[in-house]
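J.: no sequence for this one, just the structure:
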């Protein structure tokens, strides 16, 4: 059974760009320790306006549901909420283009 691939866009609050990249890099490894995501390597990118986009894979809908009750995950999400806003993909200028291009962020 395959997992569920998700795409999320994190818009950093002023002065929080580096902290956000570091937190995004730590997200999937932490979720792996909780057995909530697959071994798929996440793709992390930056938009022209500095929004960070991440593509990753949850193991299942049950894993997504379990994350909403997991204290470790909830603590991590609180860190995200303190330094960024999650924004709809359609708010990214790149999504108006036929082939949306982003700057890769290396691991």
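T.: Right, received. Where do you want to start? Owing to the predicted nature of the structure, the values given are computational and were not obtained by experimental measurement. Numbers count the residues shown, from 1 in each chain.

J.: surely residue 56 is in a strand?
T.: Yes: the assignment for residue 56 by DSSP: H, G, I helix; E, B strand; the rest coil puts it in a strand.

J.: how many neighbours does it have?
T.: 21 (other CB atoms under 10 Å). For every residue, glycine as well, the C-beta is placed using N, CA and C.

J.: start at 48 instead
T.: With 48 as the first residue, the last one maps to residue 103.

J.: the longest strand seen in the chain: partners in the sheet, and parallel or antiparallel?
T.: Of all segments of type strand in the chain, defined using DSSP state E, the longest is strand 51-59. Strand 51-59 has the following strand partners under DSSP bridges: strand 99-105 (antiparallel), strand 131-134 (antiparallel).

J.: highest mean neighbour count out of those strands?
T.: Across those, averaging neighbours per residue (mean count of other CB atoms under 10 Å) puts strand 99-105 on top, at a mean of 19.

J.: which outside residues touch whichever helix or strand comes after that one?
T.: Heading C-terminal from strand 99-105, the first helix or strand you meet, by DSSP states H and E, is helix 108-114. Helix 108-114 is contacted by residues 50-51, 78, 81-84, 105, 120 when judged by CB atoms under 8 Å, 6 or more residues apart in numbering.
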